[in-house]
Structure formats: structure tokens, C-alpha cells
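Student: Take a look and give me a structure for this.
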Amino acid sequence: MYQQKGMGPSPRCRTFYHSKFSSPGQLPPQYRPGLPPALRPYIKKDVSQPLVAFTKEDYKNAELRCLTRVDCSSVIFGFTAESQFYHSGTLQVQSATFSHHQQSLQIMASRHGRNMKIELRYGLFSKLNFEIRQYGQSYYFIKLTVVYTQCPLFYNAEQRPGDSYTRYTRFNPQKAGKEGFWKKFFGSTAMQMSFVLNTFFVKNIWIYYHNFFIGRTELFSFLDSLSNSTASCSIQFSPMMDNLFNPHRIDLYLLTEMDGCPWNIRYCIEAIKSCGDVGLFFMDYVLYVKNERINVKENGIFNETWALRLFSAMYEFLKSDISLGSLEFSADNQAQRQKRDDGFVMIKTVSVFENMNIFNLSPLGLYYSNS
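Tutor: Numbering: from 1, shown residues only. Have a look, this model is predicted:
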């Protein structure tokens, strides 16, 4: 049985993450194993490989890490609905670090020749979805979808002449031109990143021939470190299908059919839109797929009571699960769930941020009413 020496620092497994399915010759020389020829075909991505799923019991006793660095070539932004991931934009990535001890995901990326930093706090995670496929005895292809309740922070990275440090300044998505493209990223509620986890201990023959066990140990350390740092976030292992959403239909509807609608309804619409692109998608789904738009107007006249109930219920449904894990929506059921019998009513509040205004219909603004 292999045992580490008790003297000196404990040797640790060095873990490298690939997003380009190339040969192991790109690893640093001291960690470059001579893969047996039989294993090399498994390095290539093959979506026909079955997904691997785990439970928390599988990895709950794994070694916890302070951080996990992953090497992925790009990050895709968008939103989710049921088992679909809807793309809205892509950034080329230089590095990505899950800083478990700081509870944040930090990404260094580039766009139009400009370096930038993206930071997302673990506290904003709503759901983590893993698609894991095993290749050979030591490779795991991981596609991770992170759903969050508030968009990440975007910084411009700049190192001026004479400075020994890098300056980070926030992007302003309201600007046109070079910074205008950020609007589509600020509307996202999910990001997707892919990488290959492979683990090698080439200095010890016993471990080299048992790298399947070591590889799984490293994977479990990653999963357990995330799980312990994001206790309130759900972790799932299920396939996600890629998709695209065209908002033209709902944009046109809001500009024409909802033009001149009562202020209360307009506020609810703005509250839904402030949830991000997923808000436009959900309005399009309810109004067109479920055909609720026919009840919003009757003979060209707004049915204000029903429209207010409908859009308020849509907002609350979105806020209860921004990942839209289910599209089973009913305005009547949602309104009944929200009904209060304690004399309190909701008031409307607006949270003003640098990048957007968030409209709220939340219990934070309750006041007592005798009417």
C-alpha cells in the first residue's frame, strides 16, 4: 500500500484542465506522462459517451481545496429553461479560478483585444449543473452550467506604463461603441464552461497504474469544495441542450400591443425585463406558447385586472426559480400562492445599480393597509 512520507511537505497531485482536446504533449514536461496507445483515442470529445452522475454521499469526505484552477478556452453566457441552455454571447478566456476560500469565481478573459476580469460571488449561485463524461481511465470531460440570480461584475484590466500592478475599472454597459456590447452579457443569468480534468502522478509507478482512482479523488475534491462553499445552491447532474432565443416577437408585442398600458402593468413588465433575457423569454412563452395574450386585451381594451394578475404572477414565478427548471406556470395558481390574509400588501421598489435598474415586487416593501 502506498504511503506518503511523514517528513516535509506532502506531495500533492497536480491537476491540469484542458478545453482543447489535444495530446498530453501540451502539459508541462515534468508532468507529461507517456500515455499507452490504447488510451489516446479517449482524449477526444465524444458526446455519445454516457454521462456520469454522483450523489453528495459519493464525494462528501473528499479532500477540500482552497481553489481550483480550470483551463477553458471560452465562457458562454445566456440563460436556462428546463433542460435547455440559450446562448447570448461568448468570451474568450485566459484563465478561470474557483476560489473556494474567497467564495468567488474569477475569470480572466479578452474581447476586441482588451483584457478583462469577471467576478461572480458564490452567494449569487442559484444552480450548478454538471455534465460529466469519462474517457479512458483518467480523463473527465466536464461541462458546467452556472445559474446565478445577479449578473457577474465585469472589469477592464489595464496596466499603465510605470505601474507594477493592474488596474481594474468597471465597465459601463450604457455606453455605446466599444463598451456597448456588454449589454448582452449583463442580461445573462447563466454561464457555461467546458474543460477536461486529467490527473497524473508520474513519479510513482503504483499511482500511475491506478490513476483512475486518483482522478476520481481529484474530481470529488472539486465537487466537495464547491458543495461546501455553496451550501444554498442546488447541484445537479443532467444533460443540457443548446438553443437560441430570438426576442423579436416579444419586443414587437411590448412596443405595439402594450403601448399605453396602465402604469401598474407597465411596472410589472419592467420588473420582468429587469430579471434579464430570461424575463423576455418567459413573457414570450406565456403570452404566445400558452396564448395568454388573448386575455390581456379584449376587443382592443386592456383587461387590467387580469393583466396585472398575470404579469405579477410571472414575475414571482421567475424570482422563485431564475433557472426556470419547470415551465409549468398558471397565473391562477401563482396568484393564490401569493395571496396574503394578514393585512399587508406589496409596494414597488427600484434598486439602482451601475449596470442596470432592478424593479422589485418583494416583501421588502410591505406596509400595513386598513383598506
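Student: C-alpha only now, for contacts and for neighbours.
Tutor: Will do.
Student: Tell me the helix or strand right after the lowest-mean-pLDDT helix or strand in the chain.
Tutor: Counting by mean pLDDT, DSSP states H and E, the chain has its least confident helix or strand at strand 14-18, which shows a mean of 34. Later in the chain than strand 14-18, the nearest helix or strand by DSSP states H and E is strand 51-52.
Student: got the contact list for that next one?
Tutor: With Cα atoms under 8 Å, 6 or more residues apart in numbering as the test, strand 51-52 has contacts from Glu131, Ile132, Arg133, Gln134, Phe237, Ser238, Pro239.
Student: my read is the third one is in a strand, agree?
Tutor: Yes: using DSSP: H, G, I helix; E, B strand; the rest coil, the secondary structure at Arg133 is a strand.
Student: tell me the mean pLDDT over the strand or helix carrying Leu226?
Tutor: Using DSSP H and E, Leu226 sits in helix 211-229. Mean pLDDT, computed over helix 211-229, is 73.
Student: partners of the next helix or strand after it, with directions?
Tutor: Next along the chain after helix 211-229, taking DSSP H and E as the criterion, comes strand 234-237. Applying DSSP bridges, strand 234-237 is found paired with strand 125-135 (parallel).
Student: For the strand it pairs with, buried residues please.
Tutor: Residues of strand 125-135 classed as buried by neighbour count (16 or more other Cα atoms under 10 Å): Phe125, Ser126, Lys127, Leu128, Asn129, Phe130, Glu131, Ile132, Arg133, Gln134, Tyr135.
Student: Which of the residues you listed scores worst on pLDDT?
Tutor: Among these, Tyr135 has the lowest pLDDT, at 80.
Student: Can you tell me how far it is from Phe185?
Tutor: Tyr135 sits 33 Å away from Phe185, going by Cα to Cα, to the nearest Å.
Student: can I see the domain layout of this structure?
Tutor: 14-243, 246-368 (automatic domain parsing).
Student: Which of those domains has the lowest mean pLDDT?
Tutor: Minimum mean pLDDT among the domains of the chain: domain 14-243, a mean of 75.
Student: who's in contact with stretch 317-332?
Tutor: Residues beyond stretch 317-332 that count as contacts (Cα under 8 Å, 6+ apart) turn out to be 79-83, 126-127, 147-149, 189, 272, 275, 278-279, 309-310, 313-314, 334.
Student: quick one, strands of the stretch 101-250 of the chain?
Tutor: Defined through DSSP state E, counting those that start in this stretch, the strands belonging to the stretch 101-250 of the chain, from first to last, are 104-111, 114-121, 125-135, 139-148, 153-158, 167-170, 190-200, 234-237, 241-244.
Student: Please name the bridge partners of the nearest residue to Ala96 once chain neighbours are set aside.
Tutor: With sequence-adjacent residues excluded and distances taken as Cα to Cα, 6 or more residues apart in numbering, Ala96 is closest to Ile107, at 4.3 Å. Assessed by DSSP bridges, Ile107 has beta-bridge partners Ala96, Ile118.
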